[in-house]
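Undergrad: give me a model of this one.
(2 chains)
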Amino acid sequence: MIDETVRILTNREVAEDFYLARLAAPHIAGEALPGQFVNLKVNAGVTPFLRMPLSVCDVNPDAGYIDVLYQEAGPKTQALCKQPIGEELSCLGPLGHPFTHPDKGTDCVLVGGGIGVPPMIFLGRRLMREGFDVALLIGARSAAKHLSDELLEGTALRIGRATDDGSLGHCGLVTDLLRQELESTGSKAVYTCGPHAMIEAVADVSREFDAACQVSLEEYMACGIGICVGCVVRVENADGKTEYGDYKRICVDGPVFDAREICWEH
Amino acid sequence: MHAKFAGSTSVDLSIEIAGMALRNPVLLASGTCNYGQELQSITDLSQLGGIVTKTITPQPRAGNRPQRIVETPAGMLNSIGLQNPGLEDFVENKWPFLESLDTQIVVNIAGHTIEEFADMAARLDDVQGIAALEVNISCPNVKAGGANFANSPSASAEVIGAVRRVTQHPVIAKLSPNVTDIAEIARAAEEAGADALSLINTLVGMAIDVKNRRPLLGNITGGLSGPAIKPVALAMIWKVAQAVRIPLIGLGGICTAQDAVEFLVAGASAVQVGTASFVNPNAGVEIVEGIRRYGDECGIQHIGQLIGSLQT
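TA: The predicted structure is shown next:
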């Protein structure tokens, strides 16, 4: 992990309110693994004050860049989408624990919802490169919020899409597609990232089909390196107390967890 | 006497506070550097005057339910709730690493009762190498008695006195800004035997999600920190500096060397860098370098010349 000065190479809207930033970051590009994130200072100065955690969406170690995808939603993402090409920003990374790969020959299903899609893209490409059978299932509110096939190139053998309004693919929940996929293929490795309710549902369906499920969690974060103890998740105590009782830090103990470990709170 | 000598001899940053010899007046604040391990790979802790551990309580504490962090203009609210592994785990598993660091280690403690504070101090008196105890009578994020000691001069004095009687370590009282008259509390802590005071802890704050009219923090209220509170902290340092004779350690929103120098000029003998480390893990070290540059540019020989040098 280092604090790398990165340079914006491209920064463009790729779906409604979704931006893809390509950052020249040779060190992070050489180190990052799927599931890890960076903590980017999107501006100089104190407003916005904190960094913004962003999942790594892809890396190119040879060209020395990383891709991050973000949704324009708050002050930090608004500041970032206004940053011009060539701007230099401070970027801590790579942070957190990556996804672990399944045993050779295990079919994999990746489920991404909303802004949870980026780590699935990185993971899908890595798994495909290593010869796994990968299905990628994506849920979003509407067709306009789905990423194009071009952006998902090489991430999966099959891509399923769901929308809340039926404007693209399956009208309904992405977990409906997951159920179909697990029924028809018997895949035993599920990976997911997205809204809390969605990943909890993905974890439930995975358990029902006896498939291992790794979830990438998100929580309001200050430091991203484990010193503030702000971004915690309650975990089950199957194997005894954790160091701090029931809470683990998402930034350093995660963001990837075995779904069975998570105590889902509402 | 000015910059022409700066190149040859650099300003002496070392300072002694309450019996602690610091190589420079910059420490990392409690709750912003955990127990040192995470920062070690990204900053050089040996360049700092010291670090103050995250608060230790007698028993482990799970902390508050999430959401624990809310960003606010030029700052943030937190409601961590003193999540920590407890005193014995600290001594067994955290202290050996801390002791190995080439910097001064201040151990921050909190209890629910005066007896708990005293018991912790007595236990830590057996631990060699602790530079000082910082007594947290001011955390805004725990409901039980702990938070309220700092509201009362007599309760503050009782806690500090109880700790003072059972320890050889220097005792630093960490004061809350959430009081009517911080100078009154400061005087009470001084009279009870505190060797130094650190101030300020966070200001009680709150944020609301208007979509569902719920508090954003799981604990409803939290502690405000960051540049937003710096002017408040600075004014309190200046006020307390008039009221007591023991040294002050200033904190509250310090992000740059200039911020740190302001605290020294207002009357602090040292500073703590807190929330800034969340944004820049190397902030403490950069502030040390910046203070050195400032001192050299001003042509001062020793950092002590800045302390309380405010011209009014």
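Undergrad: can we go C-alpha only for contacts and neighbour counts from here?
TA: Will do.
Undergrad: can you list the residues of the stretch 201-312 of chain B near chain A?
TA: Proximity of the stretch 201-312 of chain B to chain A (C-alpha under 8 Å from any C-alpha of the partner chain) is limited to residues B:227, B:277-279.
Undergrad: list of residues touching the strand or helix carrying residue A:176?
TA: Assigned by DSSP states H and E, residue A:176 belongs to helix A:174-185. Residues outside helix A:174-185 that contact it (C-alpha atoms under 8 Å, 6 or more residues apart in numbering or on different chains): A:107, A:109, A:111, A:113, A:137-139, A:160-163, A:170, A:187-188, A:198, A:201-202, A:205, A:209.
Undergrad: residues of that helix that come out buried?
TA: A:174-178, A:181-182 (16 or more other C-alpha atoms under 10 Å in any protein chain shown).
Undergrad: likewise for stretch B:176-186?
TA: B:176-179, B:182-186.
Undergrad: report the distance from it to the chain centre.
TA: Centroid separation between stretch B:176-186 and its chain, computed with C-alpha atoms, centre = their mean, to the nearest Å, is 16 Å.
Undergrad: now swap in stretch B:112-120 and tell me
TA: 20 Å.
Undergrad: tell me the spacing between residue B:264 and residue B:13.
TA: Going from residue B:264 to residue B:13 by C-alpha to C-alpha, to the nearest Å gives 12 Å.
Undergrad: the more surrounded of these two?
TA: Between residue B:264 and residue B:13, counted using other C-alpha atoms under 10 Å in any protein chain shown, residue B:264 has the larger neighbour count: 28 against 19.
Undergrad: okay, and the more buried one sits in which element?
TA: Per DSSP H and E: helix B:257-266 holds residue B:264.
Undergrad: how about the helix holding residue A:176 as CSV, C-alpha atoms only?
TA: Extracted in CSV, the C-alpha atoms of helix A:174-185 (Å, rounded to 0.1, in the frame of the first residue of the first chain):
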residue,chain,number,x,y,z
VAL,A,174,-31.0,-9.8,-10.2
THR,A,175,-31.4,-12.6,-7.6
ASP,A,176,-34.1,-14.1,-9.9
LEU,A,177,-31.4,-14.5,-12.5
LEU,A,178,-29.0,-15.9,-9.9
ARG,A,179,-31.6,-18.5,-8.9
GLN,A,180,-32.0,-19.6,-12.6
GLU,A,181,-28.2,-19.7,-13.0
LEU,A,182,-27.6,-21.8,-10.0
GLU,A,183,-30.5,-24.1,-10.9
SER,A,184,-29.3,-24.6,-14.5
THR,A,185,-25.5,-24.8,-14.0
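Undergrad: quick one: name whatever helix or strand follows that helix.
TA: Scanning onward from helix A:174-185 (DSSP H and E), the first element met is strand A:189-193.
Undergrad: for the record, mean pLDDT for that next one?
TA: Model confidence over strand A:189-193, given as mean pLDDT, is 97.
Undergrad: so what does that strand touch, helix or strand wise?
TA: The elements that strand A:189-193 packs onto, with contact taken as 3 or more C-alpha pairs under 8 Å, 6 or more residues apart in numbering or on different chains; DSSP states H and E, are strand A:108-113, helix A:117-129, helix A:196-208, strand A:212-216.
Undergrad: repeat that for 10 Å
TA: strand A:108-113, helix A:117-129, strand A:134-140, helix A:174-185, helix A:196-208, strand A:212-216, strand A:256-258 (3 or more C-alpha pairs under 10 Å, 6 or more residues apart in numbering or on different chains; DSSP states H and E).
Undergrad: next structured bit after the third one?
TA: I take that to be strand A:134-140. Per DSSP H and E, the first helix or strand lying C-terminal to strand A:134-140 is strand A:158-163.
Undergrad: and the residue of the stretch 151-300 of chain B found nearest chain A, which of the three is it?
TA: Scanning the stretch 151-300 of chain B for the residue nearest chain A gives residue B:278, at 4.2 Å (criterion: C-alpha to the nearest C-alpha). Here residue B:278 is helix, with the state taken from DSSP: H, G, I helix; E, B strand; the rest coil.
Undergrad: show me the contacts for the residue lying closest to it once chain neighbours are set aside.
TA: Leaving aside its chain neighbours, residue B:278 sits nearest to residue A:223 (4.2 Å; criterion: C-alpha to C-alpha, 6 or more residues apart in numbering or on different chains). Residues near residue A:223 by C-alpha atoms under 10 Å, 6 or more residues apart in numbering or on different chains: A:39, A:50-53, A:92, A:229-231, A:251, B:32, B:275-281.
Undergrad: ok, now residue A:132?
TA: Neighbouring residues of residue A:132 by C-alpha under 10 Å, 6+ apart: A:101-108, A:124-126, A:156-157.
Undergrad: could you dump the residues you listed into TSV and include distance to residue B:256 and neighbour count?
TA: What follows is the contacts of residue A:132, written out as TSV (distance: C-alpha to C-alpha, whole Å; neighbours: other C-alpha atoms under 10 Å in any protein chain shown):
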residue	distance to residue B:256	neighbour count
A:101	43	16
A:102	47	15
A:103	50	10
A:104	51	9
A:105	54	9
A:106	52	16
A:107	52	20
A:108	48	28
A:124	43	29
A:125	42	20
A:126	42	19
A:156	48	25
A:157	51	13
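Undergrad: so the helix holding residue A:176 versus strand A:134-140, what angle?
TA: Interaxial angle, helix A:174-185 versus strand A:134-140 (axes from the mean of the first three to the mean of the last three C-alpha atoms, to 10 degrees): 160 degrees.
Undergrad: how about the secondary structure of the residue of chain A found nearest chain B?
TA: Relative to chain B, the nearest point of chain A is residue A:223 (4.2 Å; C-alpha to the nearest C-alpha). Recorded secondary structure, residue A:223: coil (three-state DSSP).
Undergrad: pLDDT score assigned to it?
TA: pLDDT recorded at residue A:223 is 96.
Undergrad: then residue A:45?
TA: Per-residue pLDDT puts residue A:45 at 88.
Undergrad: wait, it touches residue B:74, no?
TA: Yes. Using C-alpha atoms under 10 Å, residue A:45 makes contact with residue B:74 at a distance of 8.8 Å.
Undergrad: so between these two, which is more surrounded?
TA: Per other C-alpha under 10 Å, whichever of residue A:45 and residue B:74 has more neighbours is residue B:74, with 17 against 10.
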